[in-house]
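Visitor: Coordinates only, no sequence provided:
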């Protein structure tokens with residue numbers, strides 16, 4: 001398989017690796033592989049780094065099979081073999097639980113279970129890092145969702161340490177746009193695998209993504225959103241909310257006593 005990419009692509013991924021200190025000597029990294037374009041591209045580019053980086057690290061693919069009828073496990077095994085990489089397929093019955101659940105949107109619960117199964121495998125096999133294929137569009141989308149739906153300023157982090165599990169989550173594609181990843185996967189003549197999940201494409205997050213399309217199509221607006229995600233000094237936000245009892249008492253003191 002041809003693992004050559006345009007320098008502009010690898011440079012952005014290496015920039016993320018260097019800026020956020022994502023890969024070090026002795027790391028044992030698992031790629032959370034779904035078979036979609038993002039995780040597939042991540043596996044390809046980390047394999048390239050594994051071959052050519054000075055840093056010595058172990059790379060393996062890990063896939064959690066939720067147990068739906070349309071399993072992608074066999075095709076993922078072929079992909080891993082083509083890359084001369086080990087792959088662990090974690091078989092689960094998550095689908096049984098999800099399909100019996102009466103919730104309208106079971107995706108967050110499914111994601112929670114899949115991540116738990118993956119973390120459990122990583123801990124047992126001495127992995128210290130878990131790589132996800134989240135990209136720049138995902139980060140901006142999360143940022144907008146946090147503002148619109150929870151009134152907070154949060155986004156995806158390039159690196160996040162799970163202290164309880166002693167696993168570090170890394171996102172090496174955090175500087176790449178989604179369309180760039182899609183184009184490069186097409187150039188590799190790899191067809192991303194469609195999820196066997198019956199809820200795929202019909203989730204709350206998918207609907208919200210459509211609402212945000214206008215922000216992603218305007219390059220200047222998108223660039224400004226990326227800039228807004230940075231922690232910097234030129235912010236003029238309201239001060240922290242003060243104690244409500246104290247504020248109520250202070251408000252009373254503004255009135256003349258009759």
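Guide: Alright, I've got the coordinates. Since the structure is predicted, the reported quantities are computational estimates derived from the model, not experimental observations. Numbering: from 1, shown residues only.
Visitor: Show me where this protein has its helices.
Guide: 7-19, 37-52, 73-82, 94-100, 107-124, 136-150, 178-187, 204-211, 213-217, 219-228, 244-252 (DSSP state H).
Visitor: closest one to residue 28 among those?
Guide: helix 107-124 (8.5 Å; C-beta to C-beta). To be clear about C-beta, it is placed using only N, CA and C from the backbone, and glycine gets the same treatment.
Visitor: Name the residues of that closest one that are buried.
Guide: 107, 110, 113, 114, 115, 117, 118, 119, 121, 122 (16 or more other C-beta atoms under 10 Å).
Visitor: do the same with stretch 72-81
Guide: Buried-residue list, stretch 72-81, by 16+ other C-beta under 10 Å: 72, 73, 76, 79, 80.
Visitor: Closest to residue 127 out of those residues?
Guide: residue 80 (15.8 Å).
Visitor: What are the neighbouring residues in contact with that closest one?
Guide: For residue 80, the contacting residues are 33, 43, 61, 86, 87, by C-beta atoms under 8 Å, 6 or more residues apart in numbering.
Visitor: Derive a ChimeraX selection command for the buried subset of those.
Guide: Here is the ChimeraX command that picks out the buried ones among the contacts of residue 80, judged by 16+ other C-beta under 10 Å:
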select :33,43,61,87
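Visitor: Quick check: closest non-adjacent residue to residue 119.
Guide: residue 165 (5.3 Å; C-beta to C-beta, 6 or more residues apart in numbering).
Visitor: Please report how far the one you found lies from residue 228.
Guide: Using C-beta to C-beta, to the nearest Å, residue 165 is found at 31 Å from residue 228.
Visitor: Same check on residue 131?
Guide: 26 Å.
Visitor: so how far is residue 166 from residue 9?
Guide: On the measure of C-beta to C-beta, residue 9 and residue 166 end up 32 Å apart.
Visitor: Look at those two and report which has more neighbours.
Guide: residue 9 (18 against 11; other C-beta atoms under 10 Å).
Visitor: Correct me if wrong: that one contacts residue 185.
Guide: No. With contact defined as C-beta atoms under 8 Å, residue 9 does not count as touching residue 185 (11.4 Å).
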